[in-house]
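Student: Starting from these lines, generate the structure:
(chains A and B)
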Protein chains: 2
Amino acid sequence: MDDLTKTAAENRRKILEALEGAGPFLITFHRKPDGDALGSGLALGLWLEARGKRVEVVSSDGVPDPFGFLPSADRVLTDTPPDILGCTAFVLDTPDAPRAALAEGVLARAALVVNIDHHPDNTNYGDVNLVDASASSVALIIYELLADAGELPADISSLLYVGAMTDTGGFRFRNTDARTLRAAADLVALGASPGDLANAVYGEQPLGRLRLLGKVLSTTETEFDGRVAVSVLTERMKSDAGSTGEDIEGMASFGRLIRGVEVALLLREEDGRIRASLRSKGVVDVNAIACRLGGGGHKAAAGVLLEGPIESARERLLEVVAEAMTREDA
Amino acid sequence: MDDLTKTAAENRRKILEALEGAGPFLITFHRKPDGDALGSGLALGLWLEARGKRVEVVSSDGVPDPFGFLPSADRVLTDTPPDILGCTAFVLDTPDAPRAALAEGVLARAALVVNIDHHPDNTNYGDVNLVDASASSVALIIYELLADAGELPADISSLLYVGAMTDTGGFRFRNTDARTLRAAADLVALGASPGDLANAVYGEQPLGRLRLLGKVLSTTETEFDGRVAVSVLTERMKSDAGSTGEDIEGMASFGRLIRGVEVALLLREEDGRIRASLRSKGVVDVNAIACRLGGGGHKAAAGVLLEGPIESARERLLEVVAEAMTREDA
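Tutor: Purely as a prediction, here's the structure:
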């Protein structure tokens, strides 16, 4: 065993030890939680509870659509009950402590912070840290941790399946690997229903969202010889579509589906300013582009707030994109 | 072993025996081949060829979009070379001999017809028949047949992965099971790249198609308390979107993504008449609806040609749908 493998094995042992503790336990994850954060957190909650422990799952942003269907989703609290301050806190899928979906100061009061994540830029802020950047989801890490301890019931398997599925874009992103598919197969053998879960996550759109997506797609144009796709979303489009406007996350990515497109941009009106979402297929670093304009994010997904109206924001953004693409080509 | 299992094992043995033959081999599948037909057929072709056999893959409809990227897709012939008439023919994913993508009479002249399929209504038209209706794809059956004979190379693994992926709607349909996901994991371990293959199949849309899809989605309305979705596609929308209009297959299904919708209808202008595509989530039999109007299809997907204009076709169709939904409720 090399040093890194030894450390990982040691951290794994420490986490299993923490799970053996009396509790109570606080489980949380990043703000605006996705399927992996919620699936992993709720799975760990059910697992601890089945062992007679008191557990609270806290998400300051609640449970966003479409994840209300997840087994035990109704248990999620938006505030931390005062009597579990000072407990063992599990923080999942969260690269940096301030991004945890907790009120300020809660994490600092925990007796033990266990940080389980797969973001490569995780700051190792926990007392115990298990950061496996090669894992396609935190659900995969949790599955591998818990699988050794005995057969998992169907509800926990379903939760972990949703995490594994959503963080790989339904097994479509480049992070999909044999390890993920094998875990998914195991979870299905344990009772997760792939068709039902995929339908609940991907197949139950509100009419207003689908209509709004339609309007956004039909505005799409390409620039720079088809390498950049630009779509817009106005307040007017929202009201015409009958959309409540809550669920527009994810629409920024559709431009990437166009043949030849490397970067997809979505410009949307937001409180008098223009929110630009940048999505890359992987080669162009959109974080660098967003940073130049005062925004930020990751290499493949970033955002920035610009002054309106849309047409001038578009122009300004495309100038910086043009520079980045030219550098790319050099 | 019960009788059925014994027969299946016997058929398996006969197929392996056929594969041992000297050849030449003719491989085909159903008309308008999909990812499973092409992936399975090309995989079997490469496998036989690697064993020094002469093989021809014949598809009277060629290789439709987006499957031109498949390894060895350029080998597909639209006509059967005369000198391999009278050979051993493998017919894949084809429930009934007349649906094979061959000119009339070709199959009748084969010395041996091997029928490998997963359609439950397969008519067992082969001299050897391996029909496994519990398999989510024919690629899965072929994988299990070939895996025993030694490690598969990356190109064959990629072809079988595409079959397994596409016939489960990207691992989203109800036929996705542990067996499928385990085979998918094996195929990835053997060299298939899930991200690249998913991107080639699902993520390389022409701009015109995405814009046209946008326009179609934004026309979507629901009827009967949200249980029926209706979308339209006009010639005008096609030209506005810059779509070549070739690739509108599949657009009919999007309405099923709407929460609460049981039946999705797409009405499109076609040579002065109106082509209605009907898609059901599974409960309502749209074939019965289409038949009442002179069309046909399957329970979950059917079509019918109606007199225009769109508005009157819509009205006529909705009347019949209303009757079917009312009977359904009764």
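
Student: my guess is A:F90 is in a strand, correct?
Tutor: Yes. Counting by DSSP: H, G, I helix; E, B strand; the rest coil, A:F90 falls inside a strand.

Student: and it, how far is that from chain B?
Tutor: Distance, A:F90 to chain B, by Cβ to the nearest Cβ, to the nearest Å: 27 Å. Heads up, the C-betas are built off the backbone N, CA and C, glycines and all.

Student: how many other residues sit next to that residue?
Tutor: 29 (other Cβ atoms under 10 Å in any protein chain shown).

Student: Write down the beta-bridge partners of it, one by one.
Tutor: When assigned by DSSP bridges, A:F90 has beta-bridge partners A:I27, A:V114.

Student: contacting residues for it?
Tutor: By Cβ atoms under 8 Å, 6 or more residues apart in numbering or on different chains, A:F90 lies in contact with A:18, A:25-28, A:41, A:44, A:114, A:116.

Student: And it, how close does it get to A:L44?
Tutor: To A:L44, A:F90 is 6 Å away according to Cβ to Cβ, to the nearest Å.

Student: coming back round to it: export the contacts of A:F90 to JSON lines and tack on pLDDT and neighbour count?
Tutor: As requested, the contacts of A:F90 are exported to JSON lines (pLDDT from 0 to 100; neighbours: other Cβ atoms under 10 Å in any protein chain shown):
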{"residue": "A:A18", "pLDDT": "93", "neighbour count": "18"}
{"residue": "A:F25", "pLDDT": "97", "neighbour count": "25"}
{"residue": "A:L26", "pLDDT": "98", "neighbour count": "27"}
{"residue": "A:I27", "pLDDT": "98", "neighbour count": "23"}
{"residue": "A:T28", "pLDDT": "98", "neighbour count": "27"}
{"residue": "A:G41", "pLDDT": "98", "neighbour count": "31"}
{"residue": "A:L44", "pLDDT": "98", "neighbour count": "28"}
{"residue": "A:V114", "pLDDT": "97", "neighbour count": "25"}
{"residue": "A:I116", "pLDDT": "98", "neighbour count": "26"}
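
Student: ok, so of the residues you listed, who is nearest A:T244?
Tutor: Relative to A:T244, the closest of the contacts of A:F90 is A:G41; by Cβ to Cβ it sits at 25.8 Å.

Student: and the gap between the closest one and A:L160?
Tutor: The gap separating A:G41 from A:L160 is 11 Å, by Cβ to Cβ.

Student: next one: A:G203
Tutor: Plainly put, A:G203 is 20 Å away from A:L160 if you go by Cβ to Cβ.

Student: and those two? which has more neighbours close in?
Tutor: A:L160 (34 against 18).

Student: any idea which element that one lies in?
Tutor: helix A:154-166 (DSSP states H and E).

Student: from the middle of its chain, how far away would that helix be?
Tutor: Here helix A:154-166 is found 14 Å from its chain centre; the criterion is Cα atoms, centre = their mean, to the nearest Å.

Student: Which strands and helices lie in contact with it?
Tutor: The contact analysis (3 or more Cβ pairs under 8 Å, 6 or more residues apart in numbering or on different chains; DSSP states H and E) places helix A:154-166 against helix A:35-50, helix A:138-147, helix A:178-189, helix A:194-202.

Student: The worst-scoring helix or strand of chain A on mean pLDDT: what's the following helix or strand?
Tutor: Within chain A, judged by mean pLDDT, DSSP states H and E, the helix or strand with the poorest mean is strand A:296-297; its value is a mean of 83. Counting by DSSP H and E, the next helix or strand C-terminal to strand A:296-297 is strand A:301-307.

Student: So in that sheet, which strands flank that following strand, and in what orientation?
Tutor: According to DSSP bridges, strand A:301-307 forms sheet pairs with strand A:273-280 (antiparallel), strand A:296-297 (antiparallel).

Student: how close does A:D34 sit to A:G41?
Tutor: A:D34 is 11 Å from A:G41, by Cβ to Cβ.

Student: One more: A:R227?
Tutor: When Cβ to Cβ is the yardstick, A:R227 and A:G41 sit 38 Å from each other.
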